[in-house]
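Colleague: Here you go, sequence then predicted model.
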Amino acid sequence: MASLKNVFHTENYLLENGVLLPKVQVTYHTYGKLNPKQDNCIWVCHALTGDSDVYAWWPGLFGDDQLFNPENYFIICANVLGSPYGTTNPLSQNPETNRQYHHDFPAFTIRDIVGLHKRLADDLSIHKIELLIGGSMGGYQALEWAIMEPQRFNNLALIASSAIHSAWGVAFNASQRMAIASDSTWTLYDDDAGINGMKVARSVALLSYRNYRIYKKTQKEKDNNYVFPQQAVSYQSYQGDKLALRFNAFSYWTLSRAMDSMNVGRDRGGSVNALSQVAAKTIVISMEDDVLFPRTDQEFLAAHIHNATFMEVETDYGHDGFLVETDQLSKILKDFLYADSFKVTSLSPVDVTAS
């Protein structure tokens, strides 16, 4: 059974930009129990609009009778800083002003998110983590943490992610924030400010999460005699409306900027040197035809992380394949963790260059 918990910190939290964030709250889910040896902990890092309830958004991989189940594992996932599911975020009340932050919520980075994960693990006395896993922005967190504290993790799984947020990814995020800023309500200090702009932003984002092939398969018109197609139009609108029911534009804005901050080489002598600091046995998994995080991003990771191997998942869903292709992921991860015949075959660094 899942357990939803909160941790309150009375001391200020120092962000990477030097801003002090007061009295941060962290919300997290746990499943199962940590055994006395502490060798059954799986820490999951969620993606941009995800939350800490990993059973809800990664079924088929996590859950009863799945590869990662609470009978065998202690599973923990913490809601990230800035996301509207319990952890301190732009709709939280600023204890120094007794008003919600809204536009005044400070900018933060992936490293700031990871710093709270580290603090939570320390608070729970979790000194060793058997597997650290994340996809997309979750992969960013997992990679940063594995570099910050290399001895804390035995195994690392990076899925559909990269060492830096590419110029292509930054451009997608910038376009989404432009959509939010174009909403006439965005300047207001109101929970629903910019919500229609966020719907457009989600529509833009979806184009990077999927690809030409899946739209051709699932969104083509059923009537061959159409004049103006509606199937893809209504689908884009539906996805924007769907997110608006559970998210807010302030969190979307700040989290997209946090994604832009991803650069493992910052103040570490570059990406190659930073990746060499990972000590965990690592698997890097790519999604076929991922528009947002192309295969070369994952090949670069596998080439420069010691004791790493690379695998690709066949999928029509592009980037979103990491949420959909759980049968393939289960097999890959099971073999990676337990199969005696699984061989680590790193890519040669001379074959892969940074994007």
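Modeller: Thanks, I have it.
Colleague: can you pull out the helices in the stretch 201-350 of the chain?
Modeller: Counting by DSSP state H, counting those that start in this stretch, the segments of the stretch 201-350 of the chain that form helices are 212-218, 231-244, 249-260, 271-275, 295-304, 321-324, 326-338.
Colleague: Could I get the average pLDDT for the fifth one?
Modeller: Confidence over helix 295-304 (mean pLDDT, whole number) is 98.
Colleague: Next, the buried residues of it.
Modeller: 297, 298, 299, 300, 301, 302, 303, 304 (16 or more other C-beta atoms under 10 Å). C-beta coordinates here come from the backbone N, C-alpha and C atoms, glycine included.
Colleague: And the helices of the stretch 201-350 of the chain: which comes nearest residue 13?
Modeller: Using C-beta to C-beta as the measure, helix 249-260 is the one of the helices of the stretch 201-350 of the chain that comes nearest residue 13, at 14.5 Å.
Colleague: picking up where we left off before, make JSON lines from the helices of the stretch 201-350 of the chain and add distance to residue 32 to it.
Modeller: Written out in JSON lines, the entries for the helices of the stretch 201-350 of the chain read as follows (distance: least, C-beta to C-beta, whole Å):
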{"stretch": "helix 212-218", "distance to residue 32": "34"}
{"stretch": "helix 231-244", "distance to residue 32": "30"}
{"stretch": "helix 249-260", "distance to residue 32": "28"}
{"stretch": "helix 271-275", "distance to residue 32": "31"}
{"stretch": "helix 295-304", "distance to residue 32": "29"}
{"stretch": "helix 321-324", "distance to residue 32": "22"}
{"stretch": "helix 326-338", "distance to residue 32": "16"}
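Colleague: could the buried residues of helix 295-304 be laid out in a markdown table, adding distance to residue 206?
Modeller: A markdown table is the format used below for the buried residues of helix 295-304 (distance: C-beta to C-beta, whole Å):
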| residue | distance to residue 206 |
| --- | --- |
| 297 | 20 |
| 298 | 21 |
| 299 | 25 |
| 300 | 26 |
| 301 | 25 |
| 302 | 28 |
| 303 | 30 |
| 304 | 31 |
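Colleague: of all these, which comes closest to residue 99?
Modeller: Minimum separation from residue 99 among the buried residues of helix 295-304 (C-beta to C-beta) is found for residue 297, which lies at 40.5 Å.
Colleague: For that closest one, which residues are in contact?
Modeller: 161, 162, 163, 166, 286, 355 (C-beta atoms under 8 Å, 6 or more residues apart in numbering).
Colleague: now do residue 214
Modeller: Counted by C-beta under 8 Å, 6+ apart, residue 214 has contacts 316, 317, 318.
Colleague: again, only this time at 10 Å
Modeller: Residues in contact with residue 214, defined by C-beta atoms under 10 Å, 6 or more residues apart in numbering, are 289, 315, 316, 317, 318, 320, 321, 324.
Colleague: The closest residue to residue 112 other than its chain neighbours: neighbour count?
Modeller: Nearest residue to residue 112, sequence neighbours excluded (C-beta to C-beta, 6 or more residues apart in numbering): residue 15, at 5.0 Å. A count of nearby residues for residue 15, using other C-beta atoms under 10 Å, gives 17.
Colleague: and the gap between residue 15 and residue 94?
Modeller: The span separating residue 15 from residue 94 equals 14 Å under the rule C-beta to C-beta, to the nearest Å.
Colleague: how about low-confidence regions in the protein?
Modeller: For the chain, residues meeting the criterion pLDDT under 70 lie at 1, 10, 340-355.
Colleague: tell me the residue furthest from the middle of it?
Modeller: Each residue of the chain has a distance to the centre, and by C-alpha atoms, centre = their mean the biggest one is for residue 225: 41.6 Å.
Colleague: Isn't residue 234 up against residue 228?
Modeller: No: at 11.9 Å, residue 234 and residue 228 do not qualify as touching, with contact defined as C-beta atoms under 10 Å.
Colleague: So for those two, which sits in the more crowded spot?
Modeller: When residue 234 and residue 228 are compared on other C-beta under 10 Å, the one with more neighbours turns out to be residue 234, at 11 against 6.
Colleague: residue contacts, that one?
Modeller: The neighbours of residue 234, taking C-beta under 10 Å, 6+ apart as the test, are residue 219.
Colleague: Ok, residue 56 next?
Modeller: By C-beta under 10 Å, 6+ apart, residue 56 lies in contact with 2, 29, 50, 62, 63.
Colleague: Which ones among the contacts of residue 297 lie within strands?
Modeller: The subset of the contacts of residue 297 located in strands under the criterion DSSP state E comprises residue 286.
Colleague: With respect to residue 251, which of the contacts of residue 297 is nearest?
Modeller: Proximity to residue 251 was ranked across the contacts of residue 297 by C-beta to C-beta; first place goes to residue 161, at 20.5 Å.
Colleague: how near is the closest one to residue 102?
Modeller: Look at residue 161 and residue 102: by C-beta to C-beta, they are 30 Å apart.
Colleague: got it, and residue 32?
Modeller: In this structure, residue 32 lies at 38 Å from residue 102, with C-beta to C-beta as the measure.
Colleague: Also residue 122?
Modeller: Note on residue 122: its distance to residue 102, by C-beta to C-beta, is 31 Å.
Colleague: So for these two, which residue has more residues nearby?
Modeller: Each of residue 122 and residue 102 had its neighbours counted (other C-beta under 10 Å), and the higher figure belongs to residue 102 (18 against 10).
Colleague: how about the nearest residue to the more buried one, chain neighbours excluded?
Modeller: Nearest residue to residue 102 in three dimensions, chain neighbours excluded: residue 189, at 4.5 Å (C-beta to C-beta, 6+ apart).
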